[in-house]
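Peer 1: my questions concern the predicted model and sequence given below.
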Amino acid sequence: MDSCLRRNDKRYMKHEHINSEDFKKKMEEGEHVLIDVRTEEEFHNGHLKEAIVIDFYSPTFQMEIMKLDKGKKYLLYCRSGNRSGQAMNMMKFMGFPEVLNLEKGINDWNEKGFEVHK
């Protein structure tokens, strides 16, 4: 019951834009589900390890997000951080307690030389 109360209490909700270094650390901790909100084509041109793709521009995007487990923590990214930032705000409104956005997207990730899978 305590966790249920915490989930709906905004004091326990965490929605932030984080830089590539902090995003990488969160990925390495293994506590988050990694979501790429770019298109399938962008995803196949290079994506982060273990990411799932849910296309922000798809007409079914919101329905796909609603299917996600609200008990889990999420990391979001896109090309520049814009789409994933909008998705983070949407998920915040939907009641997801922890969603973190890669603030400058995979562009910054690539500039840092971090690993990308094809």
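Peer 2: Perfect, I can see it now.

Peer 1: mind checking the SS state of the residue nearest to the spatial centre of the chain?
Peer 2: Computing the C-alpha centroid of the chain and ranking residues by CA atoms, centre = their mean puts Leu76 first, at 1.5 Å. The assignment at Leu76 comes out as strand when based on DSSP: H, G, I helix; E, B strand; the rest coil.

Peer 1: specify the beta-bridge partners of it.
Peer 2: Under the criterion DSSP bridges, Leu76 forms beta bridges with Ile35, Asn101.

Peer 1: distance of it relative to Gly95?
Peer 2: Counting by CB to CB, to the nearest Å, the gap between Leu76 and Gly95 amounts to 16 Å. From N, CA and C alone the C-beta is placed, and that goes for glycine too.

Peer 1: you'd agree the residue nearest to the centre of the chain is up against Asn89?
Peer 2: No - Leu76 lies out of contact with Asn89 (CB atoms under 8 Å); the separation is 10.4 Å.

Peer 1: which residues do the two both contact?
Peer 2: Applying CB atoms under 8 Å, 6 or more residues apart in numbering, one finds that no residue jointly contacts Leu76 and Asn89.

Peer 1: by mean pLDDT, flag the weakest helix or strand of the chain.
Peer 2: Among the secondary structure pieces of the chain, namely its helices and strands, helix 2-8 has the lowest mean (mean pLDDT, DSSP states H and E), a mean of 49.

Peer 1: other SSEs contacting the helix or strand just after that one?
Peer 2: Using DSSP states H and E, the helix or strand that follows helix 2-8 in sequence is strand 14-18. Using 3 or more CB pairs under 8 Å, 6 or more residues apart in numbering; DSSP states H and E as the contact criterion, the elements in contact with strand 14-18 are helix 82-94, strand 98-102.

Peer 1: can you tell me which of those is nearest to Gly30?
Peer 2: Of all those, the one in closest proximity to Gly30, counting by CB to CB, is strand 98-102 (14.0 Å).

Peer 1: what comes into contact with that closest one?
Peer 2: Residues external to strand 98-102 that are found in contact with it (CB under 8 Å, 6+ apart): 13-18, 20, 23, 26, 32, 73-78, 81, 84-85, 87-88, 91-92, 108-109.
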